[in-house]
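*Asks:* Coordinates for the following, if possible.
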Amino acid sequence: MNPEAEKTLPERRILLALEDGRELSALEAALKLASLLDASLDTLFVEDADLFQVAGLPFATEIGFGSAVGRRMEAARLERELQNRAQEIQRLLERRTRGGTLRWTFTVTRGTLPEAVLTITPAADLIIVARRGLAPRESRRQPAAPLAVYYDGSEASMRALEAAISLAEGHPLLLLVAPIPGELAETVLPELERKGVRATIVPLEEASAESLAVTVRLYRAGMLVMGDAPFGDAALGQLLERSGVPILLAR
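*Replies:* Next up, the predicted model:
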């Protein structure tokens with residue numbers, strides 16, 4: 001390719017949207033994909049507006065995870081804690097990218113995670129979303145937790161499969177298949193075999209966010225990869241809540 005022509009190609013962008021600085025699997029996936037695709041990484045830390053509303057209630061109480069002791073939930077302390085987590089993420093990004101060429105940004109906003117993903121950053125090619133409390137403990141103890149890929153025959157789901165293959169590296173793939181014709185055996189499976197990727201085909205009872213979330217939990221996947229909003233924008237929050245894992249959207 002002509003170097004001058006290559007310079008005119010639009011830069012690929014990956015968005016990583018987080019609510020909790022302690023969720024590292026999503027950050028690792030974003031850094032790996034950014035390196036593989038020579039993409040820039042935009043990291044968005046979302047301060048949950050709903051938490052601040054709860055903290056403003058006179059009876060709001062939080063329970064310490066380690067101590068199980070209740071204490072008054074205060075907006076000022078919540079804000080300090082979120083600021084500290086945001087700073088931890090930024091320092092981690094600085095350490096992980098030091099000496100490299102990865103282009104990245106870090107932004108803090110307040111709102112809801114689905115709203116931030118769907119409205120604030122429309123130009124990203126890949127979006128990785130990790131909600132507070134995601135990645136169940138059993139998945140964290142199993143480095144080879146499978147990557148679940150939703151495939152419905154669309155171009156977006158094929159891009160999702162390609163992203164999952166790039167991330168696999170020893171992680172088995174769960175190919176969660178919507179009711180589609182025999183295209184799977186003709187195109188997808190030979191491509192997986194050619195790339196040496198292990199995949200388990202899991203037919204879904206129906207093509208719905210609920211069925212997808214239940215299956216992801218049943219197979220204890222470590223991440224869900226799918227095309228951009230296959231069930232509509234409103235389903236993203238439902239999938240985040242019910243699947244219990246970070247979600248990667250391929251646009």
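*Asks:* CA only for contacts and neighbour counts going forward, please
*Replies:* Noted.
*Asks:* what mean pLDDT would you report for the longest helix anywhere in the chain?
*Replies:* Ranked by residue count under DSSP state H, the longest helix found in the chain is helix 75-97. The pLDDT scores in helix 75-97 average 88.
*Asks:* What is the burial count for T105?
*Replies:* Neighbour count for T105, taken as other C-alpha atoms under 10 Å: 12.
*Asks:* got the buried residues for the helix or strand following the longest helix of the chain?
*Replies:* Sequence-wise, the next helix or strand downstream of helix 75-97 (DSSP states H and E) is strand 104-111. For strand 104-111, the buried set under the neighbour-count rule, 16 or more other C-alpha atoms under 10 Å, comprises W104.
*Asks:* And the helix or strand where T43 lies, what does it pack against?
*Replies:* For T43, the enclosing helix or strand under DSSP H and E is strand 40-48. Applying 3 or more C-alpha pairs under 8 Å, 6 or more residues apart in numbering; DSSP states H and E, one finds that strand 40-48 contacts strand 13-18, helix 24-37, strand 104-111.
*Asks:* mind checking which of these is nearest S211?
*Replies:* Nearest of the helices and strands packed on strand 40-48 to S211, taken as C-alpha to C-alpha: helix 24-37 at 22.9 Å.
*Asks:* before we move on, back to that, counting by contacts, list what the longest helix of the chain packs against.
*Replies:* When contacts are defined as 3+ C-alpha pairs under 8 Å, 6+ apart, helix 75-97 sits against helix 49-55.
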